[in-house]
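Chemist: Quick one, fold the following:
(one chain, ligands or ions: 1)
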Amino acid sequence: MKGAIFKLLEDFVDTRFGPDAFDELVESTELETVEPFVGPGNYPPGDLLALVAAAVAAHDTTVEQFLRAFGRHAFPSLARSVPTLMEGLDTPRAFLGGLESMIHTEVRKLDPEADPARFTVTDVDEGSILLHYRSPFGLFPLVEGFLDGIGDWYETPLDHELVEVDQTNGTFLVRFPDHAMTGSIAVVDTVRS
Ligand code: HEM
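Modeler: A predicted model of the protein is given here:
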């Protein structure tokens, strides 16, 4: 797992639990990694999971709550790290449609060591999609947190739920509530013209 993700975790833990909280966590957790985490590094995914488990135990929360809050916190930093890739992805739906082809594929090209989750999208209707997540890690609450973060980023909350699980892969139903509003504006415009 890329160091960038560990750095985002550090930022989240320090923001939520205090400026030394991440260092304390690292010191109190048995990790394969001995050197400090740096963005370009690549580290065992087990170390990330061990840090999450330790944080949950230390701060009286659940893995689900923790990963979801982490995803929400991390999304703006991820989006700001790739400004040119974000260009043209003007709505949550456009963004999710481009997540694999525009974002994660580019991430893999820029850094051959990076292996982000795979996503595909199936259109359900004008107001919703199915988002299929494929990964060896089954980090479903992290995906839910990223979806919350997308809602914040575009200032348009999304409804989403995990509707299918196949081992470590999963499918989310994502609804775009603002779609209804766009529809009614279109109706008003038609009436006016
Ligand atoms: C502009 C936005 C994004 C960027 C730049 C980005 C980049 C990355 C990078 C660098 C990794 C680490 C890969 C590795 O350690 O090998 C990663 C992992 C991941 N990404 Fe993204 N990502 C973005 C948005 C998203 C969104 C919106 C979602 C979900 C809706 C998502 C889901 C994940 C998940 C779940 C992982 C963890 C690995 C796994 O579960 O297999 N990412 N991403």
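
Chemist: quick one: what helix or strand has the closest residue to residue 44 other than its chain neighbours in it?
Modeler: Nearest non-adjacent residue to residue 44, counting by C-beta to C-beta, 6 or more residues apart in numbering: residue 32, 4.8 Å away. Quick note: C-beta positions are derived from backbone N, CA and C, even for glycine. With secondary structure defined by DSSP states H and E, residue 32 is part of neither a helix nor a strand.

Chemist: and what of residue 162?
Modeler: Using DSSP H and E, residue 162 falls in strand 159-166.

Chemist: CA atoms only for the very next helix or strand once past that strand, dumped as CSV, please.
Modeler: Moving toward the C-terminus from strand 159-166, the next helix or strand (DSSP H and E) is strand 169-175. C-alpha atoms of strand 169-175 as CSV (Å, rounded to 0.1, in the frame of the first residue of the first chain):
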residue,chain,number,x,y,z
ASN,A,169,-15.5,-7.4,-3.7
GLY,A,170,-18.7,-5.4,-3.3
THR,A,171,-21.4,-3.4,-5.2
PHE,A,172,-22.8,-0.1,-4.0
LEU,A,173,-26.1,1.5,-5.1
VAL,A,174,-25.4,5.2,-5.4
ARG,A,175,-28.3,7.6,-5.8
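
Chemist: Mind listing the strands strand 169-175 pairs with, and their directions?
Modeler: strand 128-134 (antiparallel), strand 159-166 (antiparallel) (DSSP bridges).

Chemist: Nearest to the ligand, out of those strands?
Modeler: The ligand lies closest, by C-beta to the nearest ligand atom, to one member of these: strand 128-134, at 6.6 Å.

Chemist: Name the residues of the helix or strand just after that closest one that come out as buried.
Modeler: Following strand 128-134 in sequence order, the next helix or strand is helix 140-153 (DSSP H and E). For helix 140-153, burial by neighbour count (16 or more other C-beta atoms under 10 Å) applies to 140-151, 153.

Chemist: and which of those is nearest to the ligand?
Modeler: residue 146 (3.6 Å).

Chemist: Nearest spatial neighbour of that closest one, chain-adjacent residues omitted?
Modeler: residue 71 (4.3 Å).

Chemist: check contacts around the residue nearest the centre of the chain.
Modeler: In the chain, the centroid-proximal residue (C-alpha atoms, centre = their mean) is residue 146; its distance is 3.0 Å. Contact analysis of residue 146 by C-beta atoms under 8 Å, 6 or more residues apart in numbering lists 71-72, 74-75.
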